[in-house]
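# Quick check, what structure comes out for this input:
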Amino acid sequence: MSIWSMIFTAIIILNTIGAIITVFKEKRDVAATWAWLLTLNLLPVAGFIIYLFIGKKMSKENIYDMRTQKSLGMSQLAKVQIEMLEDEDLAQGLVETDYAQKTAILFLESDESILTKGNKLEIFKTGEGVFDALVQDIYKAEDHVHMLYYTFRSDELGKRILAALEDRAAAGVEVLVVYDAMGCRGNDPRFFKNLEKLGGRTEVFFGSKIPFVNLRMNYRNHRKIMVVDAKVAYIGGFNIGDEYLGKGELGEWRDTHMKIEGNAVLTLQSRFFMDWNAVAKPKNRKDYAEAYFPIADKKGDTAMQIVASGPDDEDQTIKMGFLKMISQAKESIYIQTPYFIPDESLHEMLKIAALSGVSVKIMIPSKPDHPFVYRATEYFSKDIIEYGAEVYMYQNGFLHSKVMVVDDEIVSLGTANMDVRSFKLNFEINAFIYDREVAAELIANFEEDQEKCIRATHDYFAKQSKGRKFKQAFSRLLSPIL
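Okay, here's the model as predicted:
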């Protein structure tokens, strides 16, 4: 045996031993364990570099810090609502159907997600619409503006929103901004300096001590929240950046966002403070104050719950909500998602629904923004079609909307994609809405988008090249870590 053969053999043996030690030293589910073993062994040395960026789990200390930030002012109210919902007479005053009652109890028990009624919602489909409204509401602020965004670009749109925040900070309004370090990579490092000089405060989520280098690609704060004067709030799929106005490489941007007025705003306020307190210095953390949580008069007729989940949530509450919605479906399920990479439980539940005669319609993009992720999306789309579901591929730009509507009755709208990353690796937030009119509006949006789609049929996938089919199958094996 030559010296090079001996060196190669030694590298393979050491790589295999290292892979086993690396993967098994941290607790993971079976699928993720095998996916990482496959990656580390198929890509000697390079696999460990990938693991350094996206494989290392969140430390117990960080998880503890996230969990200890209590939902300000919400815990006791959650206990009262659980008792009310379990009493059938009182439940009728909170929700209209047995379906909604069971779903509401799930979120109250698992996430202390307060059920609020009397909310008014406005749905946005375009960046121009949502950002015009958002900027107008910032300029109206008299007491505070609280923002948390995964991406807040230092580009033209970012500067427009920053100018509004600076205006309010100069007027003495409390301005607090949390942004994610990975989502804002490449930004001008001085972007928020003037805002801070004017009295605003900013905090970065899981930043790096080394300039321009951040090894933590997982466990990002993917939420998008804005609260103004505890009266108005925004939540949905749009980040802040020119690409969300259709000015990026992916072209036109189709997303869904929502403006809320009513007491649901207070639950978003509570969630913002939990995330703010998790990253802010102790002296800058926020405590409960009545000015942050004023009880609002009735603004509309919508009942809803704000539900959060993340690596600090062992129950994967948003995913449980998806499972609950799908399991109760009797007639229809509409899903819009940029990434369709469900874990085994969700995939099986959708198959059962389709086989049971429920109309399952799923809309995905027709172009990738992440190659492996998109190939995995294709794989799962091809598989679910075999069970009777319909898959539509959006052609008019990039589809980033994260919406599910079941039986024209209950809606999920927020930041969570239909993928493992959203369920386990990122911090997400969704609104679960019990309102037939809202459901009808979102179904109408789906059907309008459907006219800009091609249907992905069995024949469509059968005609694809062997190379593309291999990429789909391989990406599916990596799906637990994508």
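# rest of the way, CA atoms for contacts and neighbours
Fine.
# If I look at Arg153, what pLDDT would I see?
In the predicted model, Arg153 carries a pLDDT score of 97.
# Give me the phi and psi for the closest residue to it other than its chain neighbours.
Nearest residue to Arg153, sequence neighbours excluded (C-alpha to C-alpha, 6 or more residues apart in numbering): Gly241, at 4.9 Å. In terms of degrees, to the nearest 10, the main-chain angles of Gly241 are phi 170, psi 160.
# Would you confirm that Gly241 contacts Tyr149?
No: taking C-alpha atoms under 8 Å as the definition, Gly241 is not a contact partner of Tyr149, at 10.7 Å.
# what domains does the record give for this protein?
As given by automatic domain parsing, the domain ranges for the chain are 3-57, 63-76+119-299, 317-481.
# Tabulate these (CSV), appending mean neighbour count.
Compiled in CSV, the domains of the chain are given as follows (neighbours: other C-alpha atoms under 10 Å):
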stretch, mean neighbour count
domain 3-57, 15
domain 63-76+119-299, 19
domain 317-481, 20
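# Now those in JSON lines, please, with extra columns for distance to Leu108.
Conversion of these to JSON lines gives the following (distance: least, C-alpha to C-alpha, whole Å):
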{"stretch": "domain 3-57", "distance to Leu108": "26"}
{"stretch": "domain 63-76+119-299", "distance to Leu108": "9"}
{"stretch": "domain 317-481", "distance to Leu108": "10"}
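# looking at those, which is closest to Asp111?
Across the domains of the chain, Asp111 has its closest neighbour in domain 317-481 (6.9 Å, C-alpha to C-alpha).
# Could you check how far the closest one is from the centre of its chain?
The chain centroid and the centroid of domain 317-481 are separated by 14 Å, computed with C-alpha atoms, centre = their mean, to the nearest Å.
# Report the mean confidence score over that domain.
Rounded to a whole number, the mean pLDDT of domain 317-481 is 93.
# buried stuff in the helix or strand harbouring Lys102?
Remark: Lys102 resides in helix 98-111, with elements defined by DSSP states H and E. By neighbour count, with 16 or more other C-alpha atoms under 10 Å as the criterion, the buried positions of helix 98-111 are 99-108, 110-111.
# wait, which of these is closest to Glu314?
Of all the buried residues of helix 98-111, the one with the least separation from Glu314 (C-alpha to C-alpha) is Ser110, at 10.0 Å.
# Distance of the closest one relative to Gln395?
38 Å (C-alpha to C-alpha, to the nearest Å).
# Tell me where the stretch 201-350 of the chain has helices.
Under the criterion DSSP state H, counting those that start in this stretch, the stretch 201-350 of the chain carries helices at the ranges 264-279, 317-328, 344-355.
# Quick one: residues contacting Gln336.
Each residue near Gln336 by C-alpha atoms under 8 Å, 6 or more residues apart in numbering is listed here: 362-364, 401-404, 446.
# follow-up on the earlier one: turn the helices of the stretch 201-350 of the chain into CSV, columns for distance to Pro371.
Converted to CSV, the helices of the stretch 201-350 of the chain look like this (distance: least, C-alpha to C-alpha, whole Å):
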stretch, distance to Pro371
helix 264-279, 31
helix 317-328, 24
helix 344-355, 21
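# Asn430: which of the ones you listed is closest?
Among the helices of the stretch 201-350 of the chain, helix 317-328 comes nearest to Asn430, with 7.2 Å by C-alpha to C-alpha.
# elements contacting the closest one?
Other elements packing on helix 317-328 under the criterion 3 or more C-alpha pairs under 8 Å, 6 or more residues apart in numbering; DSSP states H and E are helix 98-111, strand 302-309, helix 344-355.
# So which of those is nearest Gly127?
With C-alpha to C-alpha as the measure, strand 302-309 is the member of the helices and strands packed on helix 317-328 nearest Gly127 (22.4 Å).
# So for that closest one, mean pLDDT?
Strand 302-309 comes out at a mean pLDDT of 93.
# what angle do it and helix 264-279 make?
Put simply, strand 302-309 runs at 10 degrees to helix 264-279, going by axes from the mean of the first three to the mean of the last three C-alpha atoms, to 10 degrees.
# what packs against strand 302-309?
Applying 3+ C-alpha pairs under 8 Å, 6+ apart, one finds that strand 302-309 makes contact with helix 98-111, strand 115-124, helix 264-279, helix 317-328, strand 428-434.
# Dump those into a markdown table; add distance to Asp180 as well.
Listed next are the helices and strands packed on strand 302-309 as a markdown table, based on distance: least, C-alpha to C-alpha, whole Å:
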| stretch | distance to Asp180 |
| --- | --- |
| helix 98-111 | 23 |
| strand 115-124 | 23 |
| helix 264-279 | 11 |
| helix 317-328 | 21 |
| strand 428-434 | 12 |
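# for these, which one sits closest to Thr457?
helix 317-328 (22.5 Å).
# got the CA coordinates for the closest one in PDB?
Extracted as PDB, the C-alpha positions of helix 317-328 are listed here (Å, rounded to 0.1, in the frame of the first residue of the first chain):
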ATOM      1  CA  THR A 317     -46.200  24.800  19.000                       C
ATOM      2  CA  ILE A 318     -46.700  26.200  15.600                       C
ATOM      3  CA  LYS A 319     -46.300  22.800  14.000                       C
ATOM      4  CA  MET A 320     -48.700  21.300  16.500                       C
ATOM      5  CA  GLY A 321     -51.200  24.000  15.400                       C
ATOM      6  CA  PHE A 322     -50.700  23.000  11.800                       C
ATOM      7  CA  LEU A 323     -51.300  19.300  12.700                       C
ATOM      8  CA  LYS A 324     -54.400  20.200  14.600                       C
ATOM      9  CA  MET A 325     -55.800  22.200  11.700                       C
ATOM     10  CA  ILE A 326     -55.100  19.500   9.200                       C
ATOM     11  CA  SER A 327     -56.400  16.700  11.400                       C
ATOM     12  CA  GLN A 328     -59.800  18.400  11.800                       C
END
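# if we can go back for a sec, in contact with the residue nearest to Arg153, which residues?
Applying C-alpha under 8 Å, 6+ apart to Gly241 gives the contacts 151-158.
# What separation is there between it and Leu413?
With the distance defined as C-alpha to C-alpha, Gly241 ends up 20 Å from Leu413.
# next one: Met320
Taking C-alpha to C-alpha as the measure, Met320 falls 15 Å from Leu413.
# Tell me, how many residues neighbour the closest residue to Ala431 other than its chain neighbours?
Excluding the flanking residues, the one nearest Ala431 by C-alpha to C-alpha, 6+ apart is Ile306, at 4.6 Å. With neighbours defined by other C-alpha atoms under 10 Å, the count for Ile306 comes to 27.
# Next up, the contacts around Ile306.
Counting by C-alpha under 8 Å, 6+ apart, Ile306 makes contact with 113-115, 264, 267-268, 429-432.
# Report the two of the residues you listed separated the most.
Greatest spatial distance in the contacts of Ile306: Leu115 and Ile429, 15.0 Å, computed using C-alpha to C-alpha.
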